[in-house]
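# Below: sequence and its predicted model.
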Amino acid sequence: MVIITLQRAKCIGCNYCVELAPAQFQMSKKDGKSVLLHAKDKKGFFTLKSPDETIFEKNIKAKEACPVKIISVKQV
């Protein structure tokens with residue numbers, strides 16, 4: 001299980017996450033911020049739980065590239 005969390009309100013719209021993990025992230029046309037696809041929102045923290053272990057590496061790279069450090073990736 002891979003758990004990805006995005007603090008969307010702090011996003012600066014750099015687009016690194018979309019470039020590195022396009023299956024999980026896209027940029028919003030409304031406000032230019034990142035959107036974690038298929039995520040559930042809980043008080044501004046958008047969380048995606050996926051049984052697909054193959055997405056882990058790409059999302060770790062997205063986490064590391066994020067200049068404002070608002071992406072969390074865990075493997076459980």
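Ah, there it is.
# Please give the element, helix or strand, for the residue in the chain sticking out farthest from the centre.
Most distant residue from the mean C-alpha position of the chain: Lys30, 17.5 Å away (Cα atoms, centre = their mean). Applying DSSP states H and E as the criterion places Lys30 outside every helix and strand.
# Quickly note the distance from it to Gly13.
11 Å (Cβ to Cβ, to the nearest Å). Placement of C-beta: from N, CA and C, glycine included.
# Now do the contacts for Glu53.
Listed by Cβ atoms under 8 Å, 6 or more residues apart in numbering, the contact set of Glu53 reads 1-2, 75.
# What are the buried residues along stretch 48-55?
Of all the residues in stretch 48-55, those buried under the rule 16 or more other Cβ atoms under 10 Å are 48, 50, 55.
# Give me the mean pLDDT for that stretch.
Averaged over stretch 48-55, pLDDT sits at 98.
# How about exporting that stretch as PDB, limited to the C-alpha atoms?
What follows is stretch 48-55, C-alpha atoms only, in PDB (Å, rounded to 0.1, in the frame of the first residue of the first chain):
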ATOM      1  CA  LEU A  48      -4.500   8.900  -1.800                       C
ATOM      2  CA  LYS A  49      -4.200   5.300  -0.700                       C
ATOM      3  CA  SER A  50      -3.200   3.000  -3.500                       C
ATOM      4  CA  PRO A  51      -2.500  -0.800  -3.500                       C
ATOM      5  CA  ASP A  52      -0.300  -0.300  -6.600                       C
ATOM      6  CA  GLU A  53       3.300  -0.500  -5.300                       C
ATOM      7  CA  THR A  54       4.800   0.500  -8.700                       C
ATOM      8  CA  ILE A  55       3.900   4.100  -8.100                       C
END
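# Need the per-residue pLDDT for Pro67.
98.
# can you give me the strands for this structure?
For the chain, the strands defined by DSSP state E cover 2-7, 25-27, 34-36, 40-42, 45-50, 71-75.
# Please tabulate these in CSV, including the columns distance to Glu19.
Conversion of those to CSV gives the following (distance: least, Cβ to Cβ, whole Å):
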stretch, distance to Glu19
strand 2-7, 15
strand 25-27, 9
strand 34-36, 11
strand 40-42, 23
strand 45-50, 18
strand 71-75, 13
